[in-house]
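>>> structure for the following, please:
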Amino acid sequence: MQIDQRVSKQAVDMQLVNNTNTSDAQVSGSDFAGLITQVAQQQAEPAVQGAMTQENGLLWLQLGSARGASSYPVQLNSAVQPAEEFSLPSTFDALISGASRKYGVSESLIKAVIDTESSFNPNAVSSAGAKGLMQLMDATAQGLGVNDPFDPAENIDAGVRYLSYQLKRFGGQENMALAAYNAGPSRVERLGISSDAELMSVLDQLPVETQNYVAKIQIARAKFSG
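Okay, here's the model as predicted:
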């Protein structure tokens, strides 16, 4: 995996782990806003640290009921080297727009997830084997009926379909759905919460990687809104 264009983002992840994994105090909405600001500021700074090995980024596909459904682990990896020719989301606008209408997920949210996961590189492969724009593992791709995870149309359709499951599961609460996308829906359900506001008060009970992931998505989404 090359890292020359992603070193800055990986160094930010390392710094955030050091900064946020420090106390048992609850995370308030204002703390989360501060986290988003911190991520944005640090992403703008030059960095020279090496790549970070991601350990906690598991995406669990549960196609059945919220409890007792079969699960497939999917490794999320935001530290994927982007291909320059795929750096612009406009390349996939038609596919994203179609999936948005089909599954009722906003285009800006889809683009933010793809940007965070693969930097719009359809050929991205993580060290764990996650593939394509929305970083699908083989088992997950198979479960969603994907024949070629590197095919942008198949990958986007499957990834957005999975994200729509989480949005429905959590009553349209986007941050809860994103946390489930990253840490697993069962882990979010165990928090005993029902809204994004409540999630912010117990965010410290989720892995630091998930806390940062939710913040990164919000930062990325701002680029594609409006």
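>>> where do the helices of the chain begin and end?
In the chain, the segments counted as helices under DSSP state H are 7-20, 29-43, 93-103, 107-118, 138-143, 152-169, 174-183, 185-189, 196-201, 208-224.
>>> quick one: mean pLDDT over the second one.
pLDDT averaged over helix 29-43 equals 61, rounded to a whole number.
>>> on that earlier part again, dump the helices of the chain to TSV, plus distance to Ser126 and mean neighbour count.
For the C-beta atoms, the positions are set from N, CA and C on the backbone; glycine is no exception. Converted to TSV, the helices of the chain look like this (distance: least, CB to CB, whole Å; neighbours: other CB atoms under 10 Å):
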stretch	distance to Ser126	mean neighbour count
helix 7-20	13	18
helix 29-43	20	15
helix 93-103	21	16
helix 107-118	9	24
helix 138-143	12	18
helix 152-169	13	21
helix 174-183	14	26
helix 185-189	21	20
helix 196-201	26	18
helix 208-224	14	21
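>>> could I get the ones you listed as a markdown table with distance to Gly129?
Listed next are the helices of the chain as a markdown table, based on distance: least, CB to CB, whole Å:
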| stretch | distance to Gly129 |
| --- | --- |
| helix 7-20 | 19 |
| helix 29-43 | 26 |
| helix 93-103 | 23 |
| helix 107-118 | 14 |
| helix 138-143 | 7 |
| helix 152-169 | 14 |
| helix 174-183 | 17 |
| helix 185-189 | 22 |
| helix 196-201 | 29 |
| helix 208-224 | 18 |
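>>> for Gly132, which of those helices is the nearest?
helix 152-169 (3.8 Å; CB to CB).
>>> cool, thanks, signing off.
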